[in-house]
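In: Below is the structure, and that's it, no one-letter string:
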């Protein structure tokens, strides 16, 4: 499934938020190629990317196969501990209720996302699970990284899906 | 790892909430035997149990391996659709933020739990994700099924863990 978006090649010399988000974005492109909703995530520990994943709910028929859940599982396996206290997660869209909750229970250090989601995002959009009053684990959240790019990608995918549906219905 | 709790054998003739919760409870016992936090879950479709799972975070070193997540994945595979609109989930404890969110995104029909969790439960305890104002998917929630039994089981596990820790520290 072709798309008009190109892979990003950020400089290895400047590992800032955009660097890591570019890698999450490249994962989202892989999702698109597989006809999955294009959302990607990476987990970073001490400056290194230790896990990368993209949304796979369609192919796996598994509602839990979101990019963040897969990246969290990978990262925990990599470090050999289910606690990700020293890890940051970068994801192209504000996490949904499940993924926001997974970031709470995995004790993530910080979450950095692209596009915000006022409807279903649970790190400040619809509600904020990073700061649940009764929870012992709170974490830093920063949105808006590569916002334009991550927005354009998701937008184009859903436009394409709507067009495909319309064409199907016309036949 | 021995425990003093016994498997439940509910009558097949009366498939009420306690029947399904008894099966979730038996899953929790399996978790205890593996030295995992004893929480179990089953998914029910048209009266049949189509998925059963227990918490496995310790063994798998995976913070996402909660009973509910595993049961949701299994159920979706079984029915061949990630949407669980016609399924109910029974779980021995009120779901955490991640699992409550997973029940939202998997479009579950209803959730029935044993012990409530005012601190981290997200189906009415700390907050209620089943009724997120901005979400299109709302679902029925009922707590307190086999509450005494599910409470006693979790309580005994954590008491045992505390005793083990104390003994370790004393040596």
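Out: Received it, and whenever you're ready, just let me know what you need. What you see is a predicted model; the values in this text were computed from it and never measured.
In: SS state for the nearest residue to residue A:44 once chain neighbours are set aside?
Out: Closest residue to residue A:44 apart from its sequence neighbours, by C-beta to C-beta, 6 or more residues apart in numbering or on different chains: residue A:88 at 4.8 Å. All C-beta spots, glycine's among them, are computed from the backbone N, C-alpha and C. Following DSSP: H, G, I helix; E, B strand; the rest coil, we place residue A:88 in the strand state.
In: so residue A:88 touches residue A:112, yeah?
Out: Yes - counting by C-beta atoms under 8 Å, residue A:88 touches residue A:112, with 6.5 Å between them.
In: hmm, back to that, now do the residue nearest to residue A:44, the pLDDT please.
Out: pLDDT recorded at residue A:88 is 98.
In: still on that earlier bit, common neighbours of residue A:88 and residue A:112, please.
Out: Any residue near both residue A:88 and residue A:112 by C-beta atoms under 8 Å, 6 or more residues apart in numbering or on different chains counts here, and that gives residue A:20.
In: who touches stretch A:16-25?
Out: A:8-12, A:40-42, A:44, A:49, A:52, A:67, A:88, A:90-92, A:112, A:114, A:142, A:145-146, A:149-150, A:153.
In: ok, 6 Å please
Out: For stretch A:16-25, contacts defined as C-beta atoms under 6 Å, 6 or more residues apart in numbering or on different chains pick out A:8, A:10, A:40-42, A:44, A:49, A:90-92, A:112, A:145-146.
In: In the residues you listed, which residue is surrounded by the most others?
Out: Of all those, residue A:41 has the most neighbours under the rule other C-beta atoms under 10 Å in any protein chain shown, reaching 33 neighbours.
In: mind checking which helix or strand it is in?
Out: Assessed by DSSP states H and E, residue A:41 sits inside strand A:40-45.
In: tell me the mean pLDDT for that strand?
Out: Averaging pLDDT along strand A:40-45 gives 98.
In: Between the contacts of stretch A:16-25, which sits nearest chain B?
Out: Here the nearest of those to chain B, counting by C-beta to the nearest C-beta, is residue A:41; it sits at 12.9 Å.
In: wait, doesn't that closest one sit right on residue A:69?
Out: No - if you go by C-beta atoms under 6 Å, residue A:41 and residue A:69 don't touch, sitting 9.0 Å apart.
In: Low-confidence bits of chain A, can you list those?
Out: The model of chain A has pLDDT under 70 over residues A:1-3.
In: can we see that at 90?
Out: A:1-4, A:171 (pLDDT under 90).
In: For it, just list every one of the helices.
Out: Here chain A has its helices, by DSSP state H, at A:17-33, A:57-60, A:67-79, A:97-105, A:147-170.
In: Let's have those in TSV, adding mean neighbour count.
Out: Formatted as TSV, those follow (neighbours: other C-beta atoms under 10 Å in any protein chain shown):
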stretch	mean neighbour count
helix A:17-33	22
helix A:57-60	16
helix A:67-79	24
helix A:97-105	28
helix A:147-170	13
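In: The nearest residue to residue A:94 once chain neighbours are set aside: neighbouring residues, count only.
Out: Leaving aside its chain neighbours, residue A:94 sits nearest to residue A:121 (3.3 Å; criterion: C-beta to C-beta, 6+ apart). Using other C-beta under 10 Å, the number of residues around residue A:121 comes to 24.
In: same thing with residue A:11?
Out: Applying other C-beta under 10 Å, we find 10 residues neighbouring residue A:11.
In: The nearest residue to it once chain neighbours are set aside and chain B: what is the separation?
Out: Nearest residue to residue A:11 in three dimensions, chain neighbours excluded: residue A:19, at 7.3 Å (C-beta to C-beta, 6+ apart). Distance, residue A:19 to chain B, by C-beta to the nearest C-beta, to the nearest Å: 26 Å.
In: for chain B, what are the nearby residues on chain A?
Out: For chain A, the contact set with chain B under C-beta under 6 Å from any C-beta of the partner chain comprises A:57, A:61-64, A:69, A:72-73, A:76, A:80, A:82, A:96-98, A:101-102, A:104-106, A:119, A:126, A:129, A:132, A:134.
In: got a list of what the residue nearest to residue A:44 touches?
Out: Applying C-beta under 6 Å, 6+ apart, we find residue A:88 in contact with A:44, A:109, A:110.
In: again, 10 Å this time
Out: Each residue near residue A:88 by C-beta atoms under 10 Å, 6 or more residues apart in numbering or on different chains is listed here: A:17, A:20, A:42-45, A:47, A:108-112, A:139-140, A:142.
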